[in-house]
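Asker: Return atomic coordinates for the entry below.
(chains A and B)
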Amino acid sequence: MLNYFLFLVISFVMFAIGAYGLLSKRNMIRMLLSAEVMFNSALLTLLVLAATADPIRGGVVALIAIGVSATEIGVMISVGILFFKVRGEIDVYKLSKSREQKSRRLKT
Amino acid sequence: MIDIIVFAILGTLAIAFSLLVVEHRSLVYGAISLGFLGIVNAALFALIGFTFIALFHLAVYVGAGVVFILFSVTMFREIPTVEIRVKRIALVIVTLIAISLAAIFWPYSNISVVAQSISYRELSKVFTEDYWFPFLVTTIALVTTLIEGITLARREAR
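Answerer: A predicted model of the protein is given here:
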C-alpha cells in the first residue's frame, strides 16, 4: 500500500522545479514549459487528495483542469508566435523593456 | 511490493523529466521531455486508480497540447537568451516553498492511498448535472482558442 505523502513529495519537488524555471528563465516558451511542469504537479496533488476524499468530484475537476490547460497552451503559443512575428524574439525581458520605452515616448 | 517499485521508478522519471524540461538547452528537447512527463504523470494517475483521467490526460494533454507546443517550437529560431542573475534567489524561494508545502501536509503522512474504483456512470452524471457550467465555459474557451489560433495564423507581418 502506497503512502499518501510519497505522492505529495514527488509533486512538491516537481512544483519546485517548475517554479524555479518560471522565476529564472527569460524565454517565453521556456516559461510556458515550466508552468506546465507546475500544472502537472498540481494535477497530481489534486488527484491524490481526491483519492482520499471524493474521487468522483476530484476526477471531474481534473478533467476540466486538463481542458483548461490545453486552452492555455493554445493561447500562450499563439501570443509567442505573434511576438516572434512582430519583434523577432521571445525574450520577455526585452519585450517589457521595449514596452517601457514606448510608454516613455508617448509621455514625452 | 510491486506497486512501491513501480511508484519509485515513475517518481524518479517524473523528477528527471521535470529537470530536463526546465534545464535542457534545446526548446525542442524540452517540449519532448514535457510529453514524457505527461506520460509518466498519466501512469501515476492510473496507479492511484484514476484510469479514465490518465487516458484523458494522454489524449488531450500529451496528444494535443504538448504535440502542439512541439510543432510550434520548431517554428521559432533558437535564441540563446542570457538568463537573469536571480538563479540563487529563485532557488532559495523555491526551496522555501517546497519545505513549507511539506510542513503543511506532514500531519497527513500516515494516510495510505488506496487505488480507487470509480463508476464512470456516476462520474458522467456528476459532470453533466453538477458541473455543466464549468464544462460549458471550458468548451467556449477551447473554441475561442481555436478562432484565435486561426486569426493569428492568417495575420500577415507588416
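
Asker: going forward, measure contacts between C-alpha atoms and count neighbours the same way
Answerer: OK.

Asker: could you pull out the strands for chain A?
Answerer: A:2-3 (DSSP state E).

Asker: So which residue is dead centre in it?
Answerer: residue A:35 (2.1 Å; Cα atoms, centre = their mean).

Asker: Look through chain A and state the residue closest to chain B.
Answerer: In chain A, the residue that lies nearest chain B is residue A:3 (4.4 Å; Cα to the nearest Cα).

Asker: ok, back up a step: residues in contact with the residue nearest to the centre of chain A?
Answerer: Applying Cα atoms under 8 Å, 6 or more residues apart in numbering or on different chains to residue A:35 gives the contacts A:18-19, A:22.

Asker: What separation is there between it and residue B:2?
Answerer: 32 Å (Cα to Cα, to the nearest Å).

Asker: Can you name the residues bridging to the residue in chain B that chain A sits nearest to?
Answerer: The nearest approach of chain B to chain A comes at residue B:112, 4.4 Å away (Cα to the nearest Cα). Bridge pairing for residue B:112 (DSSP bridges) gives the partners residue A:3.

Asker: That one contacts residue A:7, correct?
Answerer: No: using Cα atoms under 8 Å as the test, residue B:112 is too far from residue A:7 to be in contact (10.3 Å).

Asker: Quick check: which ranges of chain B have low pLDDT?
Answerer: Applying pLDDT under 70 to chain B picks out residues B:77-85, B:114-116, B:155-158.

Asker: for the residue lying closest to residue B:109 once chain neighbours are set aside, what are its contacts?
Answerer: Among residues not flanking residue B:109 along the chain, residue A:5 sits closest, at 4.9 Å (Cα to Cα, 6 or more residues apart in numbering or on different chains). By Cα under 8 Å, 6+ apart, residue A:5 lies in contact with B:105-106, B:108-111.

Asker: Thanks again, I'm all set now.
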